[in-house]
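# predicted model and sequence below, questions to follow.
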Amino acid sequence: MSTPAPTDEGLMALLSDGEQSALAELVRRYQNDIFRFCLHYVRDVERAKEMSQETFIRVYVARTRFDASRKFRPWLLCIARNLCLNEIKRKKAVTMESLEEYASTARDESGEVFQSAADGPDQMMMAAERRAMVAEALAKLDPESREIVTLRFYERMQARDIAVVVGSTEGAVRTRLHRI
């Protein structure tokens, strides 16, 4: 019987104790997510790669300050978000990627959204219309609202974790989601 893989928080404890392989495992687990997250903000592949690398460098530097009683993923996303926001401020007016483009990460190389074999042309057309309507509605939101919706529905984060990432309270995030 194999031992279960250590939790992210457990890996941070190992990293804090000097176990370098723990960082490699965290990078393996989160590099794609952090890249997509950064790309959402900076809208440039090369800059997103740089922000992703810098995020993990910051994780390593802050390894002894990580509070193991808290969740790792929101802490990691908060680091990435702060780096991206600083980059945006430094580079000035960089618009956020539309959620339709962001959601395209769920597509295959041909650009088609993964569909069920049971989906016929009519279901596919209705799904495409729904995606277009959602993208249009989300494009009308202010950047902060769009960020909260992205974290909730595309990153599948809970309100308490979103609050950590955006520097707010869980109640404020829930209220904002309800109003949006």
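Looks like it arrived, so ask away. Residues are numbered from 1 along each chain as shown.

# give me the residue at the spatial middle of the chain.
residue 37 (3.9 Å; C-alpha atoms, centre = their mean).

# for the nearest residue to that one once chain neighbours are set aside, what are phi and psi?
Nearest residue to residue 37, sequence neighbours excluded (C-beta to C-beta, 6 or more residues apart in numbering): residue 80, at 5.4 Å. C-beta coordinates here come from the backbone N, C-alpha and C atoms, glycine included. Phi and psi for residue 80, reported as degrees, to the nearest 10, are phi -60, psi -40.

# wouldn't residue 80 be in contact with residue 35 here?
No - between residue 80 and residue 35 there is no contact under C-beta atoms under 8 Å: 9.3 Å.

# which one's more surrounded, those two?
residue 80 (27 against 19; other C-beta atoms under 10 Å).

# quick check: residue 59 touching residue 26?
Yes - Residue 59 is in contact with residue 26 according to C-beta under 8 Å; the separation is 6.9 Å.

# pull up the overlap in contacts between the two.
Counting by C-beta atoms under 8 Å, 6 or more residues apart in numbering, the common neighbours of residue 59 and residue 26 are residue 76.

# which parts of the protein are helices?
For the chain, the helices defined by DSSP state H cover 8-16, 20-42, 45-61, 72-91, 99-103, 121-139, 143-149, 159-166, 170-179.

# any idea how far residue 158 is from the closest residue to residue 8 other than its chain neighbours?
Excluding its sequence neighbours, the residue lying closest to residue 8 (C-beta to C-beta, 6+ apart) is residue 72, at 3.6 Å. In this view, residue 72 and residue 158 are 14 Å apart by C-beta to C-beta, to the nearest Å.

# OK, contacts around residue 52?
31, 34-35, 38, 80.

# can I assume residue 141 is in contact with residue 180?
Yes - assessed by C-beta under 8 Å, residue 141 is found in contact with residue 180 at 6.7 Å.

# what ranges of the protein fall below the confidence cut-off?
Applying pLDDT under 70 to the chain flags the ranges 1-2, 92-120.

# how about 90 then?
The chain contains residues with pLDDT under 90 at 1-5, 40-43, 68-70, 87-157, 161, 164-165, 177-180.
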